[in-house]
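Novice: Next one to model:
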Amino acid sequence: MKTKVLMVCLGNICRSPLAEGILESKVDPRQVLVDSAGTAGYHLGKSPDRRSIAVARKYGIAIEHQECRKFTDRDLDDFDFIYAMDRDNYRNILALAKSEAHRGKVKLLLQEVDLGIQEVPDPYYGGDDGFEHVFHMINTACETIANRLNQE
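Specialist: The predicted model follows:
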């Protein structure tokens, strides 16, 4: 049975699509399923932000095929690990949790590494350099997660 990992941000067009694509590139797809979602339904069915697509492509990762979707309480049942990009989304996810088992699946992505910060900043309103910075933060965390998943 595959391990299922869900990456979550607010709109599912910047950070979580990057996290999905980055982690997918580091794990065996026969063993690990990676998806992403947003806690808000602002961009349902749309592709990731063009700047996320561009920075991912720069590092050989294709994310343009992804479609934005909204996080639901069913995701708490369906996924083994749920990583929130920031505290607001972390709280929004936990608000839907119905059990301690659900709550135990949810972490902040940057809890996996020591970068001196806890949250992946939202690059949406900034320039392209923000996407580059966020890519590297997410990549560092995904490297740690992938190493653990690849050993299971």
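Novice: Doesn't Val5 lie inside a helix?
Specialist: No: looking at Val5 with DSSP: H, G, I helix; E, B strand; the rest coil, it is strand, so not inside a helix.
Novice: Show me what Tyr83 bridges to in the sheet.
Specialist: According to DSSP bridges, the residues that bridge with Tyr83 are Met7, Lys107.
Novice: Quick check: pLDDT value at it.
Specialist: Confidence at Tyr83, expressed as pLDDT, is 98.
Novice: do Gly127 as well
Specialist: 80.
Novice: number of nearby residues for it?
Specialist: With neighbours defined by other C-beta atoms under 10 Å, the count for Gly127 comes to 9. Every C-beta, even on glycine, is put in place using the N, C-alpha and C of the backbone.
Novice: dump the residue contacts of it.
Specialist: For Gly127, the contact set (C-beta atoms under 8 Å, 6 or more residues apart in numbering) is empty.
Novice: How much space separates it from Val55?
Specialist: 12 Å (C-beta to C-beta, to the nearest Å).
Novice: repeat for Glu100
Specialist: 37 Å.
Novice: how many neighbours does Asp129 have?
Specialist: Asp129 has 11 nearby residues by other C-beta under 10 Å.
Novice: How about the backbone phi and psi for Gly38?
Specialist: Phi and psi for Gly38, reported as degrees, to the nearest 10, are phi -120, psi 150.
Novice: what about it, how many residues close to it?
Specialist: 26.
Novice: Show me the strands in this structure, by range?
Specialist: Secondary structure of the chain, counting by DSSP state E: strands at 3-9, 32-38, 81-84, 106-108.
Novice: Between these, which one is closest to Arg15.
Specialist: strand 3-9 (4.0 Å; C-beta to C-beta).
Novice: can you tell me the average pLDDT over that closest one?
Specialist: pLDDT averaged over strand 3-9 gives 98.
Novice: May I see the buried residues of it?
Specialist: By 16 or more other C-beta atoms under 10 Å, the buried positions in strand 3-9 come out as 4-9.
Novice: Tell me, how many residues neighbour the residue lying closest to Pro123 once chain neighbours are set aside?
Specialist: Spatial nearest neighbour of Pro123, excluding adjacent residues (C-beta to C-beta, 6 or more residues apart in numbering): Gly130 at 3.4 Å. The local packing of Gly130 (other C-beta under 10 Å) involves 17 other residues.
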